[in-house]
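>>> Next one to model:
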Amino acid sequence: IMMTIRSKLIALLLSVLVSAPISITANGAESIAFPSQEWSFNGPFGTFDRGELQRGLQVYKEVCATCHSLNFISFRNLTDLGFNENEVKAIAAEFQVEDGPNNEGEMFERAAIPSDVWPTPYKNDNAARASNNGALPPDLSLIVDARSGGADYLFALLSGYHKVPAGKEIGEGMYYNAYYPGNQIAMPSPLVEDGVEYGDGTRATLVQQARDVSAFLAWATEPNMEQRKRMGVMVIIFLLVMTGLFYYSKKKIWSDVH
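Residues are numbered from 1 along each chain as shown. Below you'll find the model as predicted:
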């Protein structure tokens, strides 16, 4: 009876945790709750939506890349998003990267190729701070794992900019965000309605852009997620089969023992 009661209590607790909004706390600031989202890549069998990822890449490329780097992603990784080699080459060629030295010992710029890492928008951290009112834009390669709440938090943050509520004061050069700890953030809202023009005809609402780029950054954080999940399923199936074989062998070997 006690085991049954304990099991029911655990199940009840898990159901509450799953359905409850996620909350974050930073630097002693009050906890801010934000809703969880339904993502195609959630769960043990979840996969990335290639259309969503390609739209998210476009948002990153046209909006986020002006301030944020993607240091651990090469252009050739974009084949995982459904692009073929020629499309990846075309995307890479849109950017200039520093190379060298040449025969004269000087650095030079050239068009990027698939093996190049995504170029950084600033030469160094000091240049980045000088261009952003002293704030250093974080690299987005691992941002989903680096922030509590992951893709849910990023989506909430990007769609959480509002006018400053009455009676609320924020510092100079800061912006009000309903889901940022302390509600003050140095980054202005990067997304606007119809800020990009999606090639697949999807309307680029602010919420749609926030969702697409959050999914893209979830992929950038763990581009091998689908392979990991497939491997996990294969291992579980293997273990189940082996368990059945071992059980059958045990029954067969000891069948004459009473």
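>>> For A127, what is the enclosing helix or strand?
Per DSSP states H and E: A127 is located in helix 125-131.
>>> I'd like to know which elements that helix is packed against.
Judged by 3 or more Cβ pairs under 8 Å, 6 or more residues apart in numbering; DSSP states H and E, helix 125-131 is in contact with no other helix or strand. In this view, the C-beta of every residue, glycine as well, is placed from N, C-alpha and C.
>>> buried stuff in that helix?
Across helix 125-131, burial judged by 16 or more other Cβ atoms under 10 Å covers A128.
>>> Please enumerate residues in contact with that helix?
Applying Cβ atoms under 8 Å, 6 or more residues apart in numbering, the contact partners of helix 125-131 are C67, P121, Y122, A135, L136, P137.
>>> Against V88, how distant is the most centrally placed residue in the chain?
Closest to where the C-alpha atoms of the chain average out (Cα atoms, centre = their mean) is A218, at 2.2 Å. Distance, A218 to V88, by Cβ to Cβ, to the nearest Å: 20 Å.
>>> Equivalent analysis for I113, please.
Counting by Cβ to Cβ - I113 and V88 are separated by 9 Å.
>>> can you list residues touching both of these two?
Common contacts of I113 and V88 (Cβ under 8 Å, 6+ apart): F75.
>>> ok, which stretches of the stretch 1-150 of the chain are strands?
22-24, 32-34, 96-99, 108-111 (DSSP state E, counting those that start in this stretch).
>>> and the second one, which residues are buried?
Right, strand 32-34. Buried residues in strand 32-34, counted by 16+ other Cβ under 10 Å: I32, F34.
>>> Adjacent strands (with direction) for it?
Here strand 32-34 has these sheet partners by DSSP bridges: strand 22-24 (antiparallel).
>>> Which parts of the stretch 1-150 of the chain are helices?
Applying DSSP state H, counting those that start in this stretch to the stretch 1-150 of the chain gives helices spanning 2-19, 50-62, 85-92, 125-131, 143-146, 150-158.
>>> between I113 and V88, who's got more neighbours?
Remark: of I113 and V88, V88 carries more neighbours, 19 against 16, as counted by other Cβ atoms under 10 Å.
>>> how about low-confidence regions in the stretch 101-250 of the chain?
Along the stretch 101-250 of the chain, segments meeting pLDDT under 70 are nowhere present.
>>> which helix is the longest one in this structure?
helix 225-253 (DSSP state H).
>>> so what does that one touch, helix or strand wise?
Secondary elements touching helix 225-253 (3+ Cβ pairs under 8 Å, 6+ apart): none.
>>> What is the neighbour count of the nearest residue in space to S36 that is not next to it in sequence?
Ranked by Cβ to Cβ, 6 or more residues apart in numbering and with sequence neighbours excluded, the top spatial neighbour of S36 is D152, at 5.0 Å. Neighbours of D152 under the rule other Cβ under 10 Å: 23.
>>> ok now do D152, which residues does it touch?
D152 makes contact with I22, F34, P35, S36, Q37, according to Cβ under 8 Å, 6+ apart.
>>> Relative to D49, how far out is the fourth one?
The one in question is S36. For S36, the distance to D49 equals 17 Å [Cβ to Cβ].
>>> pLDDT score for the closest residue to E106 other than its chain neighbours?
Once flanking residues are discounted, E106 sits nearest to G100: 6.3 Å by Cβ to Cβ, 6+ apart. Note for G100: predicted pLDDT of 88.
>>> List the contacts of G100.
E106, M107, F108.
>>> Which residues does stretch 208-224 contact?
For stretch 208-224, contacts defined as Cβ under 8 Å, 6+ apart pick out 37, 39-41, 48-49, 52-53, 55-60, 63-64, 70, 72-73, 77, 80-81, 140-145, 150-151, 154-155, 158-159, 191, 195-196, 202, 225, 228.
>>> Since that was my last question, I'll sign off now.
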